[in-house]
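# sequence-free structure coming up:
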């Protein structure tokens, strides 16, 4: 009986206090929305990402993801890791350069079935820099991301 009470209390507590995302691991916006509110599945389907709709949303590790359609939502739920952006959605190129920044969500590339997001400024496009040497950039960004998400700093 005591175990049943504990389970009920834990269930109520989790519903009342939803899991908060790890904001070092994930780049999130207001309301803990990931990928700038864009549908992560849509990046793999066409030339530009679609803005997700609130009615088609789910939460994964405390981050809310929105989708353009119910079928995209179901695809994501069945295999989130397939659609999540690399490096928690932080700009891949600035991680390779030693800092963590929020990307422009329409500036991306899908390489070897992985989604990479990039910052873009007036003078620099992270995507263009990344594509000059994706293998080396991946290695550096990966090491920097590991450091950032565990310590909040890049070595």
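All right, it came through fine. Because the structure is a prediction, the values reported are computed rather than measured.
# report the central residue of the chain.
In the chain, the centroid-proximal residue (CA atoms, centre = their mean) is residue 89; its distance is 3.6 Å.
# list the contacts of that residue.
26, 27, 28, 34, 35, 103, 117 (CB atoms under 8 Å, 6 or more residues apart in numbering). Quick note: C-beta positions are derived from backbone N, CA and C, even for glycine.
# my guess is the first one meets residue 85, correct?
In other words, residue 26. No. At 9.4 Å, residue 26 does not count as touching residue 85 under the criterion of CB atoms under 8 Å.
# those two - which one has more neighbours?
Neighbour count, other CB atoms under 10 Å: between residue 26 and residue 85, residue 85 has more, with 24 against 21.
# which non-adjacent residue is nearest the more buried one?
residue 115 (4.5 Å; CB to CB, 6 or more residues apart in numbering).
# residues in contact with the helix or strand hosting that neighbour?
Element membership for residue 115 (DSSP states H and E) is strand 114-118. Residues outside strand 114-118 that contact it (CB under 8 Å, 6+ apart): 35, 40, 43-44, 83-87, 89-93, 103-105, 107-110, 125-127, 130.
# now that strand: how far from the chain's centre is it?
Offset of strand 114-118 from its chain centre (CA atoms, centre = their mean, to the nearest Å): 9 Å.
# what's the first helix or strand after it?
helix 126-132.
# and that following helix, what does it pack against?
Here helix 126-132 touches helix 92-96, strand 104-111, strand 114-118, going by 3 or more CB pairs under 8 Å, 6 or more residues apart in numbering; DSSP states H and E.
# the same query, at a cut-off of 10 Å, please.
helix 92-96, strand 104-111, strand 114-118, helix 134-151 (3 or more CB pairs under 10 Å, 6 or more residues apart in numbering; DSSP states H and E).
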